[in-house]
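Novice: My questions concern the predicted model and sequence given below.
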Amino acid sequence: MTQRHYMRHLCYEMWLSPQINWDGKLLGCSRNFWGSYAEDVFQAGLLESINNEKMRYARAMLMGQRPLRPDMPCGRCGVFQSMGQFGTWITEEELVVKKVEQTTLISPHGRSKG
């Protein structure tokens, strides 16, 4: 049995719906209150910010492909720490499934299914 943290789904936001604070700081996920991945998304631009070096590195960390760096807010998060402890990193397959789940909740006409 794998030990997956119950809030693991919040890490998917780093790929699927990066969170931006009211002041323009790129938080990455909605659990992050430790730091930012960009200081002002409104000035730098959305695509530039969500694909900057720090965000790319954080995503690689969440997949177990890079070591923790001291400037990464993920390092202070219990979800990330649990992934490291149990080796339950985010996988590409997981992200594909989550993306499909996310897009199938909306009909072509913009109304929720179900």
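Specialist: Yes, it's here.
Novice: Any figure for the gap between the spatially most central residue of the chain and Glu53?
Specialist: Closest residue to the average C-alpha location of the chain: Met14 at 1.9 Å, with CA atoms, centre = their mean. Met14 sits 14 Å away from Glu53, going by CB to CB, to the nearest Å. The way it works is simple: take the backbone N, C-alpha and C, and place the C-beta from them, glycine included.
Novice: give the contact list for the residue nearest to the centre of the chain.
Specialist: 28-29, 55, 58-59, 62 (CB atoms under 8 Å, 6 or more residues apart in numbering).
Novice: residues in contact with the nearest residue to it once chain neighbours are set aside?
Specialist: In space, not counting the residues next to it along the chain, Met14 is nearest to Gly28; the distance is 5.1 Å by CB to CB, 6 or more residues apart in numbering. For Gly28, the contacting residues are 13-14, 18-19, 36-37, 55, 58, 73-74, by CB under 8 Å, 6+ apart.
Novice: again, only this time at 7 Å
Specialist: With contacts defined as CB atoms under 7 Å, 6 or more residues apart in numbering, the neighbours of Gly28 are 13-14, 18-19, 37, 55, 58, 73.
Novice: can you tell me which of these are in strands?
Specialist: Gln19 (DSSP state E).
Novice: Quick check: buried residues in the longest helix seen in the chain?
Specialist: Using DSSP state H, we find that the single longest helix of the chain is helix 92-104. Residues of helix 92-104 classed as buried under the neighbour-count rule (16 or more other CB atoms under 10 Å) are 94-95, 98.
Novice: Can I get that helix in PDB, CA atoms only?
Specialist: Taking C-alpha atoms only, helix 92-104 is exported to PDB below (Å, rounded to 0.1, in the frame of the first residue of the first chain):
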ATOM      1  CA  GLU A  92       3.000  12.100 -15.900                       C
ATOM      2  CA  GLU A  93       0.300   9.400 -16.200                       C
ATOM      3  CA  GLU A  94      -1.500  10.900 -13.100                       C
ATOM      4  CA  LEU A  95      -1.400  14.400 -14.700                       C
ATOM      5  CA  VAL A  96      -2.900  13.100 -17.900                       C
ATOM      6  CA  VAL A  97      -5.800  11.500 -16.000                       C
ATOM      7  CA  LYS A  98      -6.400  14.600 -14.000                       C
ATOM      8  CA  LYS A  99      -6.400  16.800 -17.100                       C
ATOM      9  CA  VAL A 100      -8.900  14.500 -18.800                       C
ATOM     10  CA  GLU A 101     -11.100  14.500 -15.600                       C
ATOM     11  CA  GLN A 102     -10.900  18.300 -15.500                       C
ATOM     12  CA  THR A 103     -11.900  18.800 -19.100                       C
ATOM     13  CA  THR A 104     -14.800  16.200 -19.100                       C
END
